[in-house]
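Undergrad: After the sequence you'll find the predicted model.
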Amino acid sequence: MIKPETDEYWKLKDEIDKDTKDRYSYANKKVSSNGKLKRVGYDFPYTDDTYKEVNVGYVYRAVSQEEYDNIMKTGYIKSNQSKNIGYEVEKGITCYNDTFPGWYLPKEGGYILKIKVKPENEFFYDSNDDYVKTKKAIPKDQIVKVYGEEKKQESFYQVYYRLYKNK
């Protein structure tokens, strides 16, 4: 579990910032079309040579232990909208970030999910707040990494089996 403002939290922020660095440089315009996400724009110096389109292949979501357990139980990521602004306007919407979402971890800690973007998820950028959103429930098999998940120690027999029996 990751707790806000800890060493682990800041190391993770650096890791995700490195993974998404192009999204900061080319943040002039966020484009979503047919479920595909892109950042487009110019980097410094602003010339035709610096125009670039960056495909956004992953989005991130900070979740509490309760939300994480619910995802594992139901098999889908779907917000309960408890923190959505303007509930009626955002009814059925789940929000994601295309950069570090750690600011949304609960005080007691939680997890950060790295999720593969697929067109059928119908992700889109909301131009009002720059979040990535969808009304679709995202299957948990699109979670490619869970930051904050405890690593389990393998027993001698598990290591032996993995190394010698699977050959």
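TA: Yes, it's here.
Undergrad: where in the protein is pLDDT low?
TA: 21-29, 41-50, 79-92, 150-163, 165-167 (pLDDT under 70).
Undergrad: And the strands in this structure, which stretches?
TA: 29-33, 36-42, 51-55, 58-63, 76-77, 94-96, 111-116, 124-125, 132-134, 138-139, 143-147 (DSSP state E).
Undergrad: Grab the nearest non-local neighbour of the residue nearest the centre of the chain.
TA: When Cα atoms, centre = their mean is applied to the chain, the residue found nearest the centroid is residue 60 (0.9 Å). In this structure, residue 60 finds its nearest non-sequential neighbour in residue 101, 4.6 Å apart by Cβ to Cβ, 6 or more residues apart in numbering. Quick note: C-beta positions are derived from backbone N, CA and C, even for glycine.
Undergrad: I figured the one you found hits residue 61, correct?
TA: Yes. Between residue 101 and residue 61 there is a contact at 6.0 Å, judged by Cβ atoms under 8 Å.
Undergrad: list residues touching both of those two?
TA: residue 112 (Cβ atoms under 8 Å, 6 or more residues apart in numbering).
Undergrad: Test my guess that residue 93 contacts residue 135.
TA: Yes. Counting by Cβ under 8 Å, residue 135 is a contact partner of residue 93 at 6.0 Å.
Undergrad: quick one, which of those two is more surrounded?
TA: Between residue 93 and residue 135, counting by other Cβ atoms under 10 Å, residue 93 is the more crowded of the two (17 against 13).
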